[in-house]
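1. model the following, please.
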Amino acid sequence: MGDVFKALSDSTRREILNLLKDGPKNAGEIADQFNMTKPSISHHLSILKQAGLIEDERQGQQIIYNLNSTVFQELISWFYSFKEE
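-> Purely as a prediction, here's the structure:
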């Protein structure tokens, strides 16, 4: 889970996750929302993918990114394990 927390520690990556919450997007659509280079966005996408927070799928010439809800469910379960009953 260390990779997940590292990925979530960056505000740009959290904003990318917020964008993907509205549905799948390609890298260009994501990059258009930021004032940074496309290679920088690719780096952030790579970190999110390595952490398992997003998945990608090639569709023709484009790669489409979407949230991996399984990892979020595991994270929520882990947080709730600390709740006292």
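
2. now the helices for this protein?
-> Along the chain, counting by DSSP state H, helices occupy 2-8, 11-21, 27-31, 38-50, 69-80.

3. where among these is average confidence lowest?
-> Ranked by mean pLDDT, the helices of the chain bottom out at helix 69-80, with a mean of 86.

4. which strands and helices lie in contact with it?
-> Helices and strands touching helix 69-80, as assessed by 3 or more CB pairs under 8 Å, 6 or more residues apart in numbering; DSSP states H and E, are absent. Where C-beta positions appear, they are placed from N, C-alpha and C, glycine not excepted.

5. quick one: that helix to helix 11-21, angle?
-> If you take axes from the mean of the first three to the mean of the last three CA atoms, to 10 degrees, helix 69-80 sits at 120 degrees to helix 11-21.

6. can I get the helices of the chain in TSV with distance to residue 62 and mean neighbour count?
-> Shown next, in TSV, are the helices of the chain (distance: least, CB to CB, whole Å; neighbours: other CB atoms under 10 Å):
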stretch	distance to residue 62	mean neighbour count
helix 2-8	23	14
helix 11-21	15	15
helix 27-31	8	16
helix 38-50	13	16
helix 69-80	22	12
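
7. which stretch among those helices approaches residue 63 most closely?
-> Residue 63 lies closest, by CB to CB, to one member of these: helix 27-31, at 6.2 Å.

8. coming back round to it: residue 58 is nearest to which of the helices of the chain?
-> Relative to residue 58, the nearest member of the helices of the chain by CB to CB is helix 27-31, separated by 11.6 Å.
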